[in-house]
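Enquirer: A predicted structure for the sequence below; I have some questions about it.
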Amino acid sequence: MGIAAEALKNFKGFNLKNMPEVEPVSPGHRACQGCGEVLALRQAMKALGTNVVVCSATGCMEIITSPFPQTAWRVPWIHVAFENAAAVVSGVESAYKAMNRKNIIKSPDTVFVAYGGDGATADIGMQALSGALERGHNFIYMCFDNEAYMNTGVQRSSSTPFGAQTTTSPPGKKSKGQSTQKKNLPEIAVAHGTPYVATACPAFPVDLMNKVKKASLVPGPAYIHIYSPCPTGWRCGIEESVEMARLAVQSKVFPLYEVIDGVYYLSRKVAKPKPVAEYFKPQRRFRHLTEADVQQIQARTDAEYDRLVAKCVVEVKEKKEKE
Ligand SMILES: Cc1ncc(C[n+]2csc(CCOP(=O)(O)OP(=O)(O)O)c2C)c(N)n1
Ligand code: SF4
C-alpha cells in the first residue's frame, strides 16, 4: 500500500450532517458578487480548520481577502509573490519541521497550504510548484482555476480552454478566441509522483471538502485542482456560478477524480452527460463559437473523458451528493 492509501485507510469524511462550523475565511471580503472561486476557497478552508499556515500567490483570492488594513483571514496567512507560493510554503514547512525537532515549538500537526489561480499555477508559478512537489514537502497546493488571469482584467492563461474569449484572445475574422488547448495540470502533478492528486468544484461541496481533508492527512505533497467559476470573466450571471460548476462536471468538461499513489479513481461517473453547448450557453465568453466549433469541442471533450475513464481502475463508492 502506498503512503497516501495507508494514511487514508480509516478516513471518515464530512457529510451534510457533520459540516464543520469553523470559517477560517470570514464573510465581508471583497469578491465580486457570485464569485465561485471564493466559495471554493471557503469550502476548502472549512475542511482544513485553524491549525494551518496559508501561503497565497498574488491574484483575486489574495486581493479580495486582504485590503490593508483589513483581512478576511482568521488563520496565519502570508501573501507572497505571484510566482513563488509553492517555494515559500516549502520554506515554512521546513522551518516548522526543524523547530519541532529542536523542541522550539510543539506543532507537529500543522497543515501547510499554498494556493494560486491558474495563472499563478499553470504559468508563472509552475517552476516553484514543480520543485516543491519533487522535493516531497508535506504540503497541499490548491489551484483555483477560473481559466484566466482575472485579477488583472481577464487575460488568457495556459489553462484557458480552447475557443474562450479573453482580452488577450479576442475572437475576430482570423481568430476563434483562445487558440490552444487547456493545460492538464492534475496530470502534471501526477507525473511528479505526487501521492495525492484530486479535482474538485464548489457545486459538490462535500466532495471538495473531503478531498481537501484527505490531502491534509497524506504525509507528503498533495495537489488539488479546483474549478472556480468567475461570472465577471466568464460573462455569465452572478447567480449562475454554482450551476456553471455543476454543468462543467455533468458535461464531462471537468471530470471529478482522485489519484491516490498513482491509482485513478473516478469520483462521479457521468452516465447521462449534458451537451457541452448547454454549459457554454450562459457564458458570453463562448458566444462567438459556431455550431461546428462547438461540435469539435464536444468531440474532444468526449475523447478526453474516455481517456480518463480508461485509466480509472476503481470507482469510488461514496454516497453521492445530490446533483
Ligand atoms: C511577477 C508578476 N507579474 C504580474 C503580476 C500582476 N498580476 C497580479 S495578479 C495577476 C493575475 C492573477 O491571475 P491568476 O493567477 O489566474 O488568479 P486569479 O486572479 O484569476 O484568481 C497578475 C497578472 C504580478 N503581481 N507579479
Ligand atoms: S474577478 Fe472573478 S474570480 Fe475574481 S473576485 Fe471577481 S468573480 Fe471572483
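Expert: Alright, I've got the coordinates. Numbers count the residues shown, from 1 in each chain. Ligands and ions are numbered 1, 2, ... in the order given.
Enquirer: counting neighbours, which bits of stretch 252-268 end up buried?
Expert: Within stretch 252-268, the residues that qualify as buried by neighbour count (16 or more other Cβ atoms under 10 Å) are 252-261, 264-268. The way it works is simple: take the backbone N, C-alpha and C, and place the C-beta from them, glycine included.
Enquirer: of those, list those near ligand 2.
Expert: Among the buried residues of stretch 252-268, no residue sits close to ligand 2 (Cβ under 6 Å from any ligand atom).
Enquirer: which of these sit farthest apart?
Expert: 253 and 261 (26.8 Å; Cβ to Cβ).
Enquirer: inside strands: which ones of the buried residues of stretch 252-268?
Expert: If you go by DSSP state E, the buried residues of stretch 252-268 have 257-260, 264-266 in strands.
Enquirer: ok, residues contacting the host helix or strand of residue 225?
Expert: Assessed by DSSP states H and E, residue 225 sits inside strand 222-227. Identification of contacts with strand 222-227 by Cβ atoms under 8 Å, 6 or more residues apart in numbering yields 4, 36, 40, 44, 133, 139-145, 185-186, 189, 194-202, 208, 211-212, 214-216, 245, 248-249, 254.
Enquirer: what is the burial count for the residue in the chain that ligand 1 sits nearest to?
Expert: Of all residues in the chain, residue 117 sits closest to ligand 1, at 2.0 Å by Cβ to the nearest ligand atom. Number of residues near residue 117 (other Cβ atoms under 10 Å) recorded here: 31.
Enquirer: and the gap between the residue lying closest to it once chain neighbours are set aside and residue 148?
Expert: Closest residue to residue 117 apart from its sequence neighbours, by Cβ to Cβ, 6 or more residues apart in numbering: residue 59 at 4.0 Å. As judged by Cβ to Cβ, to the nearest Å, residue 59 and residue 148 stand 11 Å apart.
Enquirer: which of these two has more neighbours?
Expert: More crowded of residue 59 and residue 148, by other Cβ under 10 Å: residue 148, with 29 against 26.
Enquirer: show me what from the stretch 1-150 of the chain comes close to ligand 2.
Expert: 31-32, 35, 37-38, 60, 64, 146, 150.
Enquirer: can we see that at 8 Å?
Expert: 30-38, 59-61, 63-64, 117, 144, 146, 150 (Cβ under 8 Å from any ligand atom).
Enquirer: now, the residues you listed that are in helices?
Expert: In this view, those that belong to helices under DSSP state H are 36-38, 60-61, 63.
Enquirer: among the contacts of strand 222-227, which ones lie close to ligand 1?
Expert: Counting by Cβ under 8 Å from any ligand atom, 144-145 from the contacts of strand 222-227 sit close to ligand 1.
Enquirer: of the contacts of strand 222-227, which belong to helices?
Expert: 4, 36, 40, 44, 133, 185-186, 189, 208, 211-212, 214-216, 245, 248-249.
Enquirer: mind giving me the ChimeraX select for the residues you listed, buried ones only?
Expert: Remark: buried members of those, expressed as a ChimeraX selection using 16+ other Cβ under 10 Å:
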select :4,36,40,44,133,185,186,189,208,211,212,214,215,216,245,248,249
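Enquirer: TSV for the ones in strands among the buried residues of stretch 252-268, including distance to ligand 1?
Expert: Putting these into TSV (distance: Cβ to the nearest ligand atom, whole Å) gives the following:
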residue	distance to ligand 1
257	22
258	24
259	23
260	27
264	26
265	28
266	27
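Enquirer: find the nearest non-adjacent residue to residue 250, please.
Expert: residue 274 (4.7 Å).
Enquirer: again with residue 139
Expert: With Cβ to Cβ, 6+ apart, the residue lying closest to residue 139 is residue 112, at 4.1 Å.
Enquirer: and the one you found, what does it touch?
Expert: Neighbours of residue 112 in contact, by Cβ under 8 Å, 6+ apart: 52-53, 55, 89, 92-93, 96, 137-140.
Enquirer: now the residue in the stretch 201-323 of the chain positioned nearest to ligand 2: phi and psi?
Expert: When scored by Cβ to the nearest ligand atom, the stretch 201-323 of the chain has residue 230 as its residue closest to ligand 2, at 3.2 Å. The phi and psi values for residue 230, taken as degrees, to the nearest 10, are phi -130, psi 100.
Enquirer: ditto for residue 176
Expert: Phi and psi for residue 176, reported as degrees, to the nearest 10, are phi -100, psi 20.
Enquirer: what is the burial count for it?
Expert: Other residues close to residue 176 by other Cβ under 10 Å number 17.
Enquirer: same question, the one 3 residues further on
Expert: Residue 179 sits with 11 neighbouring residues when counted by other Cβ under 10 Å.
Enquirer: no further questions, thank you.
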